[in-house]
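Q: With the input below, show me the fold.
(chains A and B)
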Amino acid sequence: MSTRVGDWLDQRLGWRAVWSALFLRKMPKVNWLYTLGSATLFVAINQIVTGILLTIYYVPSPDQAYDSVQYITTQVPAGWFIRGLHHWGASAMVLLTVLHMLRVIILGSYKFPREVTWFTGIGLLLVVIGFGFTGYLLPWDQKAFWATTVGTRIAEVTPFVGDWILRIMRGGEELSAVTLARFFGVHVWFLPATLLLLLGIHLFLIVRIGISEVPEPEEEV
Amino acid sequence: MSETKEVQRRDFLGLVTWAIGVLIGAGLGLPAIAYIVGPALKQEGTQEWVAVGTTSKVELGTPTLFKANIERTTGWIVNQEEIAAYLLTEDGRNYVAMSNICTHLGCRVRWIAEQQRFFCPCHNGVFDKEGNVVSGPPPRPLDRYEVKVDDEQIFLKEA
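A: Sure thing, here's the model as predicted:
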């Protein structure tokens, strides 16, 4: 039965060819460090799912943000769990992205023909940091408020344009409702859109080119 | 021989991968359902007795409107809300408290003494003194509150 449904779909969608191209592709013999990218992808999916769930209750407004987060954590069934996954997942994201990058650097996987994969990876690292920075403000507690005050002040130190960067980040001189709203907008629209675009290219290239082999000491580079 | 073994191992690992995937999916999916549905299942309403006034204000045999302010928490927002109920007593001892919210679409009904009827202005719903539907679209009698009289004070609670 299931094979008949599968055949019917395959004749129309050709999904078996797509499936084997994605998951049954040839692999060099590699070690566990080569799973860091997949681990990052897994946590990214976790962040997307839990993040979408959090928007069901979260309100990005100074008079309601904190209360709505408290409501999620203490009142909604499994709210503590969904928020916890998103909170700890955020740290895991940064950690895994950096570890994945170190592996790529140390094992030389960024070289020809994988430069574009590397460039999109750099973009993805910046996006992940952007997610962390904007997401940190959203609970709107003391820690969030002062961390963003300090974070935007750090950006202000930039020569010549620092003052402008601070004003654009905060949406004005002070940290305010405007800041919270734009951090939320960036966190749930701008960055996810950029992430999906870069990730799409990144993954397409991995499937197209295949992953690199582990370099051997005797081998010429 | 060794080839059949290889395929079995591959199938086994595939199966394990799927099983782990299903476990993770369920581990996130089931809490997600509880998370989305949870607040919808929560009981709302005044669970406590609310003092609305004294018995001396109720005329025998005439529904009298009482109002009281209550605090209602919806999600993370606490609202001041007014509840209003018509109190009716025939003997000064047994009280009936009827909500003034029309059971049709939620407009406020008014007691018109000359006709001894409650009227709803929105779609001409008519209720009698006890809150039973006389005519119009309302599907059921006016909702009632629980009533408690303690030392001349009238208390209401959502039934």
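Q: From now on I want contacts and neighbour counts done on CA atoms only, so please keep to that.
A: Noted.
Q: neighbours of the closest residue to chain A within chain B, just the number please.
A: Nearest to chain A in chain B, going by Cα to the nearest Cα, is residue B:35, at a distance of 5.0 Å. For residue B:35, the neighbour count with other Cα atoms under 10 Å in any protein chain shown is 24.
Q: show me the contacts for it.
A: Contact partners of residue B:35, counting by Cα atoms under 8 Å, 6 or more residues apart in numbering or on different chains, are A:76, A:77, A:78, A:79.
Q: mind checking pLDDT for the closest residue to chain B within chain A?
A: Closest approach between chain A and chain B, counting by Cα to the nearest Cα: residue A:77, at 5.0 Å. According to the prediction, residue A:77 has pLDDT 96.
Q: Does the closest residue to residue B:49 other than its chain neighbours lie in a helix or a strand, and which?
A: Counting by Cα to Cα, 6 or more residues apart in numbering or on different chains, residue B:157 is the residue found nearest to residue B:49 once chain neighbours are left out, at 4.9 Å. Using DSSP states H and E, residue B:157 sits within strand B:153-158.
Q: what helices or strands is the longest helix along chain A leaning on?
A: The longest helix of chain A (DSSP state H) is helix A:79-106. Counting contacts by 3 or more Cα pairs under 8 Å, 6 or more residues apart in numbering or on different chains; DSSP states H and E, helix A:79-106 is packed against helix A:36-54, helix A:65-74, helix A:115-137, helix B:2-41.
Q: In JSON lines: these, plus mean pLDDT.
A: Output for those, formatted as JSON lines (pLDDT from 0 to 100):
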{"stretch": "helix A:36-54", "mean pLDDT": "98"}
{"stretch": "helix A:65-74", "mean pLDDT": "97"}
{"stretch": "helix A:115-137", "mean pLDDT": "98"}
{"stretch": "helix B:2-41", "mean pLDDT": "89"}
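Q: any low-confidence regions in chain B?
A: Scanning chain B for pLDDT under 70 picks out B:1-6, B:44-47.
Q: and it, which of its residues are near chain A?
A: B:31, B:32, B:34, B:35, B:36, B:38, B:39, B:75, B:76 (Cα under 8 Å from any Cα of the partner chain).
Q: roughly how far apart are the second one and residue A:54?
A: Meaning residue B:32. 10 Å (Cα to Cα, to the nearest Å).
Q: okay, and the common contacts of the two?
A: With contacts defined as Cα under 8 Å, 6+ apart, the residues adjacent to both residue B:32 and residue A:54 are residue A:82.
Q: pretty sure residue B:78 contacts residue B:72?
A: Yes: the pair formed by residue B:78 and residue B:72 meets the contact definition of Cα atoms under 8 Å, at 5.6 Å.
Q: more neighbours, the two?
A: Neighbours were counted for residue B:78 and for residue B:72 using other Cα under 10 Å; residue B:72 has more, 15 against 10.
Q: Apart from its chain neighbours, what residue comes closest to the more buried one?
A: residue B:79 (5.2 Å).
Q: hang on, the one you found is in a strand, isn't it?
A: Yes: remark: residue B:79 belongs to a strand, assigned using DSSP: H, G, I helix; E, B strand; the rest coil.
Q: Give the rounded mean pLDDT of stretch A:84-93.
A: Averaged over stretch A:84-93, pLDDT sits at 98.
Q: Alpha carbons of it, as PDB, please.
A: Listed next in PDB are the C-alpha coordinates belonging to stretch A:84-93 (Å, rounded to 0.1, in the frame of the first residue of the first chain):
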ATOM      1  CA  GLY A  84      13.600  26.800  28.000                       C
ATOM      2  CA  LEU A  85      14.300  25.000  24.700                       C
ATOM      3  CA  HIS A  86      14.500  28.400  22.900                       C
ATOM      4  CA  HIS A  87      16.600  30.000  25.700                       C
ATOM      5  CA  TRP A  88      19.200  27.200  25.900                       C
ATOM      6  CA  GLY A  89      19.000  26.500  22.200                       C
ATOM      7  CA  ALA A  90      20.200  30.000  21.600                       C
ATOM      8  CA  SER A  91      23.400  29.400  23.500                       C
ATOM      9  CA  ALA A  92      23.800  26.000  21.900                       C
ATOM     10  CA  MET A  93      23.400  27.700  18.500                       C
END
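Q: Please give me every residue in contact with residue 133.
A: By default, I'm working from chain A. Each residue near residue A:133 by Cα under 8 Å, 6+ apart is listed here: residue A:148.
Q: actually it's chain B I care about, not the one you picked
A: Going by Cα under 8 Å, 6+ apart, residue B:133 touches B:125, B:126, B:127, B:139, B:140, B:141, B:142.
Q: Test of understanding: give the bridge partners of the third one.
A: Beta-bridge partners for residue B:127, by DSSP bridges, are residue B:118, residue B:133.
Q: wouldn't it be in contact with residue B:115 here?
A: No: the pair formed by residue B:127 and residue B:115 falls short of the contact definition of Cα under 8 Å, at 10.8 Å.
Q: between the helices and strands packed on helix A:79-106, which gets nearest to residue A:159?
A: Closest of those to residue A:159 is helix A:115-137, at 20.5 Å (criterion: Cα to Cα).
Q: Please work out the angle formed by the directions of that closest one and helix A:79-106.
A: Put simply, helix A:115-137 runs at 150 degrees to helix A:79-106, going by axes from the mean of the first three to the mean of the last three Cα atoms, to 10 degrees.
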